[in-house]
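Undergrad: Provided below are the primary sequence and the corresponding predicted coordinates.
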Amino acid sequence: MLASELIERKRDGEELPAADLRAFLDGFQSGDIDDYQMSALLMAVYFRGLSTAELTALTRAMIESGRRLDLRRPGAPLAVDKHSTGGVGDKVSLVLAPLLAAAGLRVPMMSGRGLGHTGGTLDKLESIPGFRTDISLEAFTRIVDEAGCAMVGQSPDLTPLDGRLYALRDVTGTVPSIPLIASSIVSKKVAEGIEALVLDVTCGDGAFMREEEGALALARTLVELAGQEGLAATALVTGMEAPLGRAVGNALEVREAIECLHGHGPADLEEVTLALAAELPGVVREGEDRGGARGRLLALLRDGTAARRFAALIERQGGDPSVVEEPGRLPAAPVRVPWRAPASGWVHAVGAREVGLAAVELGAGRRRMGQAVDPAVGIELRIRPGDEVEEGIEGALVHARSESDARRAMDRLAGAVRIGPARPDPGSPALRWERQRVRYRVTPEGVEAIG
């Protein structure tokens with residue numbers, strides 16, 4: 001089949017034979033199909049979607065385009081991972097990986113960098129002095145076996161086809177496509193060689209999926225596709241109307257993750273982390289429910305076991321492990337300026353997207369791939385949706401390189417925080433997600449509303 005003919009058929013809503021789709025993808029990898037032709041197919045997929053057979057063919061082509069690790073060891077604990085669809089202030093991975101390792105699992109975690117208003121786990125880790133995320137696959141697997149977890153960047157040896165497709169999606173407006181998101185995530189996780197996966201599908205102002213319907217559709221697709229590829233998978237739909245936790249910015253988020261690892265982090269960060277951890281096989285013991293498992297996991301935070309595991313991980317990846325007990329060793333910005341509430345009343349919203357963009361104004365995020373980020377700058381929030389505030393109170397603390405940077409970020413914050421004279425409607429998205437960050441559980445059996 002001619003490339004143009006295949007593109008036209010998908011444009012017109014036809015299901016492509018798996019063999020033809022695979023031939024097109026193989027041609028793209030070999031150079032016989034040009035970037036502009038693949039871009040056209042991606043746009044057709046964005047509008048027309050993919051059938052189950054097409055999605056499977058795409059995912060398997062990605063997996064088979066590179067190496068595939070096998071982390072199974074006789075008598076060794078399960079190899080598991082977590083993936084989040086992204087957000088603002090989302091430092092869950094920094095807590096979850098060492099926590100699961102402390103609970104006796106192995107966590108080979110490959111993560112990404114921030115782009116736009118969303119943060120990236122690799123940028124956060126690299127704010128730790130000396131920490132390396134660019135290690136070989138051999139070192140990666142060795143650290144997993146020794147420390148129970150490792151946190152690195154995506155290897156070019158794994159799913160290289162996904163890397164090329166994502167680069168095209170990023171510049172052609174086709175990133176927010178459920179089948180393309182699902183195939184990208186699942187292919188990488190299968191190639192990692194894990195046995196089970198928990199997915200954090202964020203929903204709200206700062207997420208890719210702003211509406212619950214879209215978030216649930218993505219969660220169902222991810223769980224189904226992972227199961228087809230042999231992974232035990234569960235997804236939780238979590239709130240991203242407001243930033244997660246208080247800190248937004250790389251070193252600031254590491255500091256907050258360390259607080260959580262010592263058992264005194266923000267309640268919403270703890271809620272999401274424990275809920276995700278309790279979904280993985282090997283965490284819930286026989287005769288125990290997920291509530292009991294969360295209690296045991298919380299004990300590993302409060303007695304320092306998880307924090308010690310994080311220090312071991314940092315040391316093995318070249319970083320300074322003393323930051324776990326002395327977070328003051330993390331980079332700090334020279335200018336700190338308070339943002340003050342412009343009026344008395346009730347906080348109706350703290351928009352995650354605008355807070356994230358304010359952090360980008362400071363240099364904590366990037367506007368384009370490859371751009372450097374400043375590890376020290378960011379924002380500490382002092383108020384949350386539903387709070388009653390007085391005019392002039394400190395609603396946030398801006399960490400900046402200069403006064404002018406701080407002023408630009410504060411202009412963004414002014415648009416993020418909405419204060420009204422009356423108590424906000426408890427049924428509003430901001431208040432519903434604030435009261436309960438985890439709202440849905442998606443398994444192969446179906447969707448369960450939580451709470």
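TA: On my side now, so go ahead.
Undergrad: got the CA positions of the helix-or-strand element of the chain with minimal mean pLDDT in PDB?
TA: Each helix and strand of the chain was given a mean pLDDT (mean pLDDT, DSSP states H and E); the minimum falls on helix 160-172 at a mean of 90. Output of helix 160-172 as PDB, limited to C-alpha atoms (Å, rounded to 0.1, in the frame of the first residue of the first chain):
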ATOM      1  CA  PRO A 160      13.500   4.600  20.000                       C
ATOM      2  CA  LEU A 161      10.500   4.700  17.700                       C
ATOM      3  CA  ASP A 162       8.500   6.300  20.500                       C
ATOM      4  CA  GLY A 163      11.100   9.000  20.900                       C
ATOM      5  CA  ARG A 164      11.000   9.900  17.200                       C
ATOM      6  CA  LEU A 165       7.200   9.900  17.200                       C
ATOM      7  CA  TYR A 166       7.000  12.000  20.300                       C
ATOM      8  CA  ALA A 167       9.300  14.600  18.800                       C
ATOM      9  CA  LEU A 168       6.900  14.900  15.900                       C
ATOM     10  CA  ARG A 169       3.800  15.000  18.100                       C
ATOM     11  CA  ASP A 170       5.400  17.800  20.200                       C
ATOM     12  CA  VAL A 171       5.600  20.100  17.100                       C
ATOM     13  CA  THR A 172       2.500  19.100  15.300                       C
END
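Undergrad: Show me what counts as buried in it.
TA: 160-166, 168-169, 172 (16 or more other CB atoms under 10 Å). In short, each C-beta sits where N, CA and C put it, glycine included.
Undergrad: Which residue is the nearest non-sequential neighbour of the residue nearest the centre of the chain?
TA: Central residue of the chain (CA atoms, centre = their mean): residue 84, 3.2 Å from the mean position. Take residue 84 and drop its neighbours on the chain: the residue closest to it by CB to CB, 6 or more residues apart in numbering is residue 200, 4.0 Å away.
Undergrad: Would you map the strands across the protein?
TA: Counting by DSSP state E, the segments of the chain that form strands are 80-84, 107-111, 149-153, 196-203, 232-239, 247-248, 335-340, 345-350, 378-381, 388-389, 394-400, 417-420, 438-443, 446-449.
Undergrad: Need the winner for burial among these.
TA: Highest mean neighbour count of the strands of the chain: strand 247-248, a mean of 30 (counted as mean count of other CB atoms under 10 Å).
Undergrad: quick one: strands adjacent to it?
TA: Take DSSP bridges as the rule and strand 247-248 pairs in its sheet with strand 378-381 (antiparallel).
Undergrad: who touches the least confident helix or strand of the chain?
TA: Outside helix 160-172, the residues within contact range by CB atoms under 8 Å, 6 or more residues apart in numbering are 25, 28-29, 35, 38-39, 42-43, 61-62, 65-66, 115, 154, 156, 174-175, 177, 180, 183-184, 187-188, 369.
Undergrad: what about 7 Å?
TA: Applying CB atoms under 7 Å, 6 or more residues apart in numbering, the contact partners of helix 160-172 are 25, 29, 35, 38-39, 42-43, 61-62, 65-66, 156, 175, 180, 184, 187-188, 369.
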